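K.L.:
Requesting a structural model of the entry that follows:
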Amino acid sequence: MTAFNHGNEAEKRAYIDSILIPCAAWVNTNAKEKVPLRVSMEVQFYPGDVNTSARANYVVSKGPRKMIVVEAKNTNVPKGTFQTKATMEAARIVNKEISEDWSCIKGICTDMQNWTFLERDSGVIREEECLNGMQPEFPEQLWRMVRKLYAMLLDL
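P.N.:
As a prediction, the model looks like this:
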């Protein structure tokens with residue numbers, strides 16, 4: 001994975017917005033679910049007995065279920081992925097405290113170019129990395145990444 005050194009934080013945020021928000025809107029319009037997806041920005045989790053907090057740049061919610069999205073700072077996706085895992089765990093603890101539970105927690109870490117998709121189920125975390133296509137195969141890679149995001153939103 002190569003670092004993407006272009007763009008400031010606002011440009012990265014606008015890019016992520018341009019992918020995440022339309023995908024969520026499309027799911028809401030076409031999936032005919034009773035509970036719509038809701039995208040929140042800059043969400044802080046404060047797990048009760050743990051003396052810490054965790055922050056997500058975005059949280060996509062469907063009722064009590066949540067998908068955590070973290071923007072990797074300084075194009076450091078490995079470090080951002082650890083932050084995403086910690087935030088997913090904080091969200092799990094918070095949901096458990098309010099008696100809301102779900103079998104699978106989803107997360108995404110991105111620096112705009114590289115996207116890591118995470119899924120925690122039964123205590124096991126699976127990861128899948130996708131490049132959004134800053135290479136010559138841009139359209140296919142972008143579609144692959146958007147399809148993965150869309151599938152995660154449908155399954156939320």
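K.L.:
C-alpha from now on. contacts and neighbour counts both.
P.N.:
OK.
K.L.:
Report the next helix or strand after whichever helix or strand Val94 is part of in sequence order.
P.N.:
According to DSSP states H and E, Val94 maps onto helix 77-97. The helix or strand immediately downstream of helix 77-97 is strand 104-110, counting by DSSP H and E.
K.L.:
In what element of secondary structure is Ile125 found?
P.N.:
Short version, using DSSP H and E: Ile125 is in strand 124-131.
K.L.:
can you list the residues that contact that strand?
P.N.:
With C-alpha atoms under 8 Å, 6 or more residues apart in numbering as the test, strand 124-131 has contacts from Gln113, Asn114, Trp115, Thr116, Phe117, Leu118, Glu119, Arg120, Gln141, Leu142, Arg144, Met145.
K.L.:
same thing but 10 Å
P.N.:
For strand 124-131, contacts defined as C-alpha atoms under 10 Å, 6 or more residues apart in numbering pick out 1-2, 81, 85, 104-110, 112-120, 138, 141-142, 144-146, 148.
K.L.:
and the helix or strand following that strand, what does it pack onto?
P.N.:
Using DSSP H and E, the next helix or strand after strand 124-131 towards the C-terminus is helix 138-154. Where contact means 3 or more C-alpha pairs under 10 Å, 6 or more residues apart in numbering; DSSP states H and E, helix 138-154 is packed against helix 9-30, strand 54-62, strand 65-71, strand 104-110, strand 114-121, strand 124-131.
K.L.:
give the contact list for Tyr150.
P.N.:
Neighbouring residues of Tyr150 by C-alpha under 10 Å, 6+ apart: Ile19, Leu20, Pro22, Cys23, Ala24, Trp26, Val27, Arg144, Leu156.
K.L.:
and the residue nearest to Cys104 when sequence neighbours are not counted, how many neighbours?
P.N.:
Counting by C-alpha to C-alpha, 6 or more residues apart in numbering, the nearest residue to Cys104 once its immediate chain neighbours are dropped is Asp121, at 4.6 Å. Burial measure for Asp121: 13 neighbouring residues, criterion other C-alpha atoms under 10 Å.
K.L.:
Over to Thr110?
P.N.:
The local packing of Thr110 (other C-alpha under 10 Å) involves 27 other residues.
K.L.:
Look up which residues are beta-bridged to it.
P.N.:
Assessed by DSSP bridges, Thr110 has beta-bridge partners Glu71, Trp115.
K.L.:
What strand or helix carries Val39?
P.N.:
Per DSSP H and E, Val39 falls inside strand 38-45.
K.L.:
quick one: buried residues of that strand?
P.N.:
Neighbour counts over strand 38-45 (16 or more other C-alpha atoms under 10 Å) mark Val39, Gln44, Phe45 as buried.
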